[in-house]
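# turn this into a structure:
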Amino acid sequence: MATVLIIDDDAALREGLAEALTDLGHTPRLAASGREGLAALHGDVDVVLLDLRMPGGMDGIEVLRRIRANRDAPPVVVLTAFASAANTIEAMRLGAFDHLSKPIGRAELKDLLCRLPERMPAVGVPDADTEDSLIGSSEPMRAVQKAIGLAADSNAIVLILGETGTGKELVARALHVHGKRKDGPFVAVNCAAIPEDLLESELFGHVKGSFTGATADRAGAFREAANGTLFLDEIGDMPLAMQAKILRALQEQVITPVGGKPVHTKARVIAATHRDLAKLTATGEFREDLYYRLNVVQIAIPPLRDRAADILPLAQHFLARASASGIRHKRLSQAAIDKLQRHSWPGNVRELRNVIERACIMTRADVIGPEDIDTSAHDRTADPSAPDADLPAAVAQLEKTMIARALDACAGNRTEAARRLNINRQLLYTKMQRYGLLEMSEKLT
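Numbering: from 1, shown residues only. This is a model prediction of the structure:
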């Protein structure tokens, strides 16, 4: 049962809440003002019911601010007869578990106490690198890390391939910071985000007066990268006319600013794309000669669904990063971890980062449960035949989804899951290996 601190200047309301809490089996503790409430706040208090408007120079908002300044503070529920958008927003911003209007009935009080988060002892923020980095020790990511180490000191062009959200720019930055050019600049250009008529100037620069709006000389990305690294992201979306100019720049290490004369460039070029350049070359959408010029050293980043062992380390990294930004430190329940590992992550690491960040912001409890893990925005399990998937990929996604659901329903029992799916146990085991679901079964059993 819970110890509930009631901070309210209304004696009748305090007594009424205390009686209801006692009837429900809880222990009330009463305080008639904010200062009295802060003095009565000890480690055994499980929840605070706090009035918003109180006399004595310390209103409920100030009391809430002081309570939540303590890392091991109990959840605080604000009660007010004068709810407004302003005080609701401010209370939730400062860390209130909920904001309720008076009067509060016995049934509502019982429901509130049932919703209270699990109390955790104070813990330090994990000693983790909160900067974006190449998190992961799975075999596919180990292969990527090894390739980075081998290619970092080279001047060769590197082509990074991977689905959207896999971390292609992180790989490019790792090649830069671990290589001999680390003291030079790292310049990133998203070729898909710049209008075609501005891309040439963005990359090669221009001279003053070369076109309308050119009011000053511009160096361009190639020269800005100097003795460092130029990262051409989404090069598969570059217009054909621009591809010819990029090819010459790569082959001759010479660029021509708009309206200017040719100049040499020493930047190392790293390119990346989520598109299949070989297919684009076959259909004439990408220059074959540029494709072969780019494809000197290729690093393919696996999608998150193929590196399931990295999901939890990545999630913990994003939790630590959220804590470092000022959000109260939270941890994942085992059920939440299981849900993360069952999801197919079509949005890859970027989707996982967003899901964890959303859970940290929207969850008042110190423990993030499965209900706090919202994967609905990109959940393809409801539609395995996504428009950009071919038939084999759609079939594989459907198989993975059905197997995961069957294992979940059977608490990881493979024999029962195989029976539900109408396949033999050995075939189920083979498919679980293929889709990275063995660990899920082991955790559920």
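# what about the strands in the chain?
3-7, 27-31, 47-51, 76-80, 98-101, 158-161, 186-190, 229-233, 254-255, 263-264, 268-273, 297-300, 331-332, 367-368 (DSSP state E).
# separation between residue 78 and residue 47?
Here residue 78 is placed at a distance of 12 Å from residue 47 (Cβ to Cβ, to the nearest Å). In this view, the C-beta of every residue, glycine as well, is placed from N, C-alpha and C.
# neighbour count for those two, which is higher?
More crowded of residue 78 and residue 47, by other Cβ atoms under 10 Å: residue 78, with 26 against 22.
# so what's the residue count around the nearest residue to residue 285 once chain neighbours are set aside?
Excluding the flanking residues, the one nearest residue 285 by Cβ to Cβ, 6 or more residues apart in numbering is residue 240, at 7.6 Å. The number of residues packed near residue 240 is 11, by other Cβ under 10 Å.
# shift numbering so it begins at 42
Yep, numbering from 42; the last one is residue 281 now.
# contacting residues for residue 281?
Residues counted as contacts of residue 281 (Cβ atoms under 8 Å, 6 or more residues apart in numbering) are 326, 327, 328.
# make sure residue 177 is actually in contact with residue 351.
Yes - Residue 177 is within contact range of residue 351, at 3.6 Å (criterion: Cβ atoms under 8 Å).
# now the nearest residue to residue 443 once chain neighbours are set aside: how far from residue 451?
With Cβ to Cβ, 6+ apart as the criterion, residue 443 has its nearest non-adjacent residue at 6.5 Å, and that residue is residue 462. Counting by Cβ to Cβ, the gap from residue 462 to residue 451 is 10 Å.
# ok, now residue 301?
As for residue 301, its distance to residue 451 is 69 Å (criterion: Cβ to Cβ).
# so which bits of stretch 276-285 are buried?
Buried residues in stretch 276-285, counted by 16 or more other Cβ atoms under 10 Å: 276, 277, 278, 279, 283, 284.
# these two touch, right, residue 359 and residue 394?
Yes - counting by Cβ under 8 Å, residue 359 does reach residue 394; the two are 5.1 Å apart.
# neighbour-wise, which of the two wins?
Neighbour comparison, residue 359 and residue 394: the larger count goes to residue 359, with 23 against 20 (by other Cβ under 10 Å).
# need the contact list for the spatially closest residue to that one that is not a sequence neighbour.
Spatial nearest neighbour of residue 359, chain neighbours left out: residue 397 (4.0 Å); criterion: Cβ to Cβ, 6+ apart. Going by Cβ under 8 Å, 6+ apart, residue 397 touches 356, 359, 360, 363.
# dump those to a markdown table, plus distance to residue 127.
Shown next, in a markdown table, are the contacts of residue 397 (distance: Cβ to Cβ, whole Å):
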| residue | distance to residue 127 |
| --- | --- |
| 356 | 35 |
| 359 | 31 |
| 360 | 31 |
| 363 | 26 |
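# which regions of this protein lie under the pLDDT threshold?
By pLDDT under 70, the low-scoring segments of the chain are 158-173, 367, 418-431, 433, 480-486.
# so what's the residue nearest the centre of it up against?
Closest to where the C-alpha atoms of the chain average out (Cα atoms, centre = their mean) is residue 394, at 0.8 Å. Residue 394 is in contact with 355, 359, counting by Cβ under 8 Å, 6+ apart.
# and it, how far is that from residue 63?
From residue 394 across to residue 63, the span is 46 Å (Cβ to Cβ).
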